[in-house]
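[1] Okay, here's the prediction I keep looking at, along with the sequence it came from:
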Amino acid sequence: MAATTDVATPTQYVSKIGRIPIRFLNPQQPEGRWPAKGFAGEVIPFSATIFREGHDQIGGALLLTDPAGSTTRYPLHPGAPGTDSWHTDAQVTSAGAWSYVIEAFTDDWATWLHNAEIKMRAGIDVEVMAAMGLELLARLASSTRKASVRSVVATATASLSDTSLSPADRIAAVENTALAEAIAASPLVSLVTQSERIPLRVERPRAGLGSWYEFFPRSEGAKQRKDGSWVSGTFRTAAKRLPAVADMGFDVVYLPPIHPIGRSFRKGPNNTLVAGPHDPGSPWAIGSADGGHDAVHPELGTVKDFGYFLAQAKKSGIEVAIDLALQCSPDHPWVTEHPEWFTTLPDGSIAYAENPPKKYQDIYPINFDNDYEGLRQEILRIVKYWIGVGVTIFRVDNPHTKPLDFWEWLLHEVAVDRPDVVFFAEAFTRPAMMQSLAAVGFQQSYTYFTWRNTKVELEEYLHEVSKVTSATFRPNFFVNTPDILTEYLQFGGRPAYKVRAAIAATASPSWGVYSGYELFENVARPGAEENIDNEKFEFKPRDYAAAEATGDSLAPYLRRLNEIRAQHPALRQLRNLDVHWSDDDSMLVYSKYLPARFTGTDTADGIIVIANVDPHSVRETTVHLDTTRFGIPLGEEFTVTDLVTQSTYTWGGDNYVRLDAFTEPVHILSVEYSKGS
Ligand SMILES: O=P(O)(O)O[C@H]1O[C@H](CO)[C@@H](O[C@H]2O[C@H](CO)[C@@H](O)[C@H](O)[C@H]2O)[C@H](O)[C@H]1O
């Protein structure tokens, strides 16, 4: 705490609390070891707890410094009475190293005005109070050369010193807008105290914003021969799927590992431990005689073909994410070239990998502690190689099974030259590890969203990711993955697919689906929480167009969700989500709001989402809205339009809502309000 009013005591002790205490600054990472995070275009709520002894009025400001070193001052507004919290929202507009300082001060004018209003109106200490006010007005006059301000001050001075007026009229004369504006421009403050400077790392928008679509390139264009063998899809056949993916509004395509797949211990259909001659194996079983992590599976094509895929994706407005899965099939070149990178058991064997309770019998885990430096350099080389090929996003498989200090180092090394590269953590594990991966640099993370299905669970989780952990952890709400087909989707029927997609697409700025979701694929392998006949172990060509033609596809709904996201900037933010109340235990209600000053237009953007999370029933309820959360004074009426059905309603604070799971289980309502209407 660098307090301008700090006074060294004879023992040279310097106060840490500062003359005006400023505590609990937000955003910042716990422990302050790494910068708080934001992405370009993000609106960040800044806050601090500011208070002082006695009863004098205080005020505060955010001093936000951009990467070019230019500082903008934003006044802080007091929060709920008694909390001593002060707030403002500000938008970080470009990627780079930002920082901020919170300033606090005694507001001399507000203190005087508060006291003078009480005392002068009651006829107590009238002349003393007036003299104090006149002194402040003189201070204001001497702080400006503006004639207009001087004239406003002169008028106020004349009235305040006019003893022929009643005390009430004298005080009323200083309560005018012109004087308030003059004081706002040249604040009458003292005991100015500044907090420490908090660093804020702002990354490119994709670090926190995107609509993801996962598909296996080998399935796109794959054909089975009469003898049961397969002709694999290739990067070139897979590229044909890209326009349809873009047409659904997705802007990131994530490909499971594209590298050669090992033969030893190859898995067969449905995670069986013996593969038939035509089984392609799990793409995560990386490495064969054809190469390792810096090679592509020959059946998919060449690196040049992958380049073609990247170029086609770019043409469709899609960025490609590849998988960084640091593990090896027993056939990976590293196993013979660098046996020291694995843990050899006393019997000479290498134990297979696990992510308990899952067993990965077809891969070896890497042991970083055997040759930390060697592995670090090799992995950095691989990552840089793919960046050189044109990859800008890595989905990182099971990062929680590798040392955190390794990730901290790797992500730092990459960011030195390429701060645009995004790393997406696939860690479904304990919160401490998930949060720490984000803290050390992962730009975004898979989440527990998949398993938060009830209203209460979702309320808590949406609040957590938008408000509690947002300085560190950027969520990507995937609705399903090849590993995750939740019971909710298995047994919730088609409504469940709509509900989950609508919540994911509106609650989080990053969301994703794994292909097949639009076809409502919902049959699980018995005893497992993943699809039967899983694409991880088989080719799975799908006829998306036929399903759409017969109305058996969710693609039109997904397309609409992505359109709504594109049209509503409030949905492209993380921290602006507020949960509201409904009387029904399955009707989830939340809003997202972006004031006009941040939308880039002259209108604010407000969205209310109401989801019937019970996919088996029709629910009716009253929703109770704190309309101030989306810019509307309490008690005012406004218009809402359902962005899926286009129905329009006139609403207020309390509203009847009926949602039929079998038609439209979710309202996504845009809010229109004109003051005083
Ligand atoms: O461990 P997670 O559930 O987070 O899943 C991720 O990592 C797994 C290991 O890479 C991966 O599992 C798939 O590949 C394995 C190796 O080939 C294989 O043994 C598993 O049966 C298969 O599911 C999983 O897909 C990935 O998302």
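    Arrived safely, thanks for sending.
[2] The closest residue to the ligand within the stretch 1-150 of the chain bridge partners, please.
    The ligand sits closest to residue 37 of the stretch 1-150 of the chain, with a gap of 23.3 Å, by Cβ to the nearest ligand atom. C-betas here are computed from N, CA, C, even on glycine. Bridge pairing for residue 37 (DSSP bridges) gives the partners residue 201.
[3] ok, it - contacts?
    For residue 37, the contacting residues are 27, 29, 200, 201, 202, 203, 207, 438, 471, 472, 474, by Cβ atoms under 8 Å, 6 or more residues apart in numbering.
[4] One more pass at 7 Å, please.
    For residue 37, the contacting residues are 201, 471, 472, 474, by Cβ atoms under 7 Å, 6 or more residues apart in numbering.
[5] Show me which of those residues is closest to residue 397.
    Nearest to residue 397 among the contacts of residue 37: residue 474, at 18.3 Å, using Cβ to Cβ.
[6] Can you tell me the closest non-neighbouring residue to the closest one?
    Closest residue to residue 474 in three dimensions, ignoring its sequence neighbours and counting by Cβ to Cβ, 6 or more residues apart in numbering: residue 444, at 4.3 Å.
[7] With residue 303 instead?
    Here the nearest residue to residue 303 in space, its sequence neighbours aside, is residue 296; by Cβ to Cβ, 6+ apart that works out to 5.7 Å.
[8] now swap in residue 224 and tell me
    Nearest to residue 224 is residue 230, by Cβ to Cβ, 6+ apart, at 5.3 Å.
[9] how close does that neighbour get to residue 285?
    Going from residue 230 to residue 285 by Cβ to Cβ, to the nearest Å gives 17 Å.
[10] So for those two, which sits in the more crowded spot?
    residue 285 (32 against 18; other Cβ atoms under 10 Å).
[11] Isn't that one up against residue 260?
    No - using Cβ atoms under 7 Å as the test, residue 285 is too far from residue 260 to be in contact (9.4 Å).
[12] Would you mind measuring from the residue in the stretch 101-250 of the chain positioned nearest to the ligand to residue 279?
    Minimum separation of the stretch 101-250 of the chain from the ligand (Cβ to the nearest ligand atom) falls at residue 214, amounting to 9.9 Å. Residue 214 sits at a distance of 21 Å from residue 279 (criterion: Cβ to Cβ).
[13] Residue 205 now?
    40 Å.
[14] how close does residue 596 get to residue 278?
    For residue 596, the distance to residue 278 equals 60 Å [Cβ to Cβ].
[15] thinking again about what came up before, please give me every residue in contact with the residue nearest to residue 474.
    By Cβ under 7 Å, 6+ apart, the residues touching residue 444 are 207, 208, 422, 424, 474, 476, 510.
[16] Can I get those residues in CSV including neighbour count, secondary structure and distance to the ligand?
    Formatted as CSV, those follow (neighbours: other Cβ atoms under 10 Å; DSSP: H, G, I helix; E, B strand; the rest coil; distance: Cβ to the nearest ligand atom, whole Å):
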residue, neighbour count, secondary structure, distance to the ligand
207, 27, helix, 21
208, 27, coil, 22
422, 24, strand, 18
424, 27, strand, 12
474, 29, coil, 18
476, 26, coil, 14
510, 28, strand, 17
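[17] Between residue 214 and residue 279, which has more neighbouring residues?
    Looking at residue 214 and residue 279 with other Cβ under 10 Å, you find the greater number of neighbours at residue 214, namely 24 against 17.
[18] Near the ligand, which residues of the stretch 501-650 of the chain are found?
    Proximity of the stretch 501-650 of the chain to the ligand, by Cβ under 6 Å from any ligand atom, involves residues residue 536.
[19] Recalculate using a threshold of 8 Å.
    530, 534, 536, 537 (Cβ under 8 Å from any ligand atom).
[20] Just give me the closest of the residues you listed to the ligand.
    Distances from the ligand to these, taken as Cβ to the nearest ligand atom, are shortest for residue 536 (4.8 Å).
[21] Please settle this for me: is that closest one part of a strand?
    No - under DSSP: H, G, I helix; E, B strand; the rest coil, residue 536 sits outside any strand and is assigned coil.
[22] Alongside the ligand, which residues does the chain contribute?
    Near the ligand, when you scan the chain using Cβ under 8 Å from any ligand atom, you find 256, 267, 271, 281-286, 325, 327, 329, 353, 355, 358-363, 397-398, 426-428, 481-483, 530, 534, 536-537.
[23] Filter these down to the buried ones.
    For the residues of the chain next to the ligand, a burial check counting by 16 or more other Cβ atoms under 10 Å picks out 256, 267, 271, 281-286, 325, 327, 329, 353, 355, 360, 362-363, 397-398, 426-428, 481-483, 530, 534, 536-537.
[24] Quick check: residue 304 is in a helix.
    Yes - under three-state DSSP, residue 304 sits within a helix.
[25] That one: neighbouring residues, count only.
    10.
[26] Tell me the buried residues in the strand ranked longest in the chain?
    Criterion DSSP state E: the longest strand present in the chain is strand 96-107. For strand 96-107, the neighbour count (16+ other Cβ under 10 Å) marks 96, 98, 99, 100, 101, 102, 103, 104, 105, 106, 107 as buried.
[27] How about stretch 313-326?
    Buried residues in stretch 313-326, counted by 16+ other Cβ under 10 Å: 313, 316, 318, 319, 320, 321, 322, 323, 324, 325, 326.
[28] Just the residues you listed: which are in strands?
    Counted as lying in strands by DSSP E, out of these, are 319, 320, 321, 322, 323, 324.
[29] Now pLDDT and distance to residue 449 too, for those residues, in a markdown table please.
    Output for these, formatted as a markdown table (pLDDT from 0 to 100; distance: Cβ to Cβ, whole Å):
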| residue | pLDDT | distance to residue 449 |
| --- | --- | --- |
| 319 | 98 | 22 |
| 320 | 99 | 23 |
| 321 | 99 | 18 |
| 322 | 99 | 23 |
| 323 | 98 | 20 |
| 324 | 99 | 22 |
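[30] Columns distance to residue 413 on top of these, output as JSON lines?
    Listed next are these as JSON lines, based on distance: Cβ to Cβ, whole Å:
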{"residue": "319", "distance to residue 413": "22"}
{"residue": "320", "distance to residue 413": "22"}
{"residue": "321", "distance to residue 413": "19"}
{"residue": "322", "distance to residue 413": "18"}
{"residue": "323", "distance to residue 413": "20"}
{"residue": "324", "distance to residue 413": "14"}
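[31] wait, which of those residues is closest to the ligand?
    residue 323 (8.3 Å).
[32] and the spatially closest residue to that closest one that is not a sequence neighbour, helix, strand or coil?
    Spatially, and ignoring its direct neighbours in sequence, residue 323 is nearest to residue 257 (4.4 Å; Cβ to Cβ, 6+ apart). With three-state DSSP as the basis, residue 257 sits in coil.
[33] Just to check, residue 257 is in contact with residue 286?
    Yes - assessed by Cβ under 7 Å, residue 257 is found in contact with residue 286 at 5.6 Å.
[34] joint contacts of these two?
    Looking at what touches both residue 257 and residue 286 (by Cβ under 7 Å, 6+ apart), the common residues are residue 325.
[35] From the ligand, how far off is residue 601?
    Using Cβ to the nearest ligand atom, to the nearest Å, residue 601 is found at 41 Å from the ligand.
[36] can you give me phi and psi for that residue?
    Torsion angles at residue 601 (phi, psi; degrees, to the nearest 10) stand at phi -130, psi -170.
[37] Check what pLDDT it gets.
    With respect to pLDDT, residue 601 scores 92.
[38] Tell me, how many residues neighbour it?
    Neighbour count for residue 601, taken as other Cβ under 10 Å: 9.
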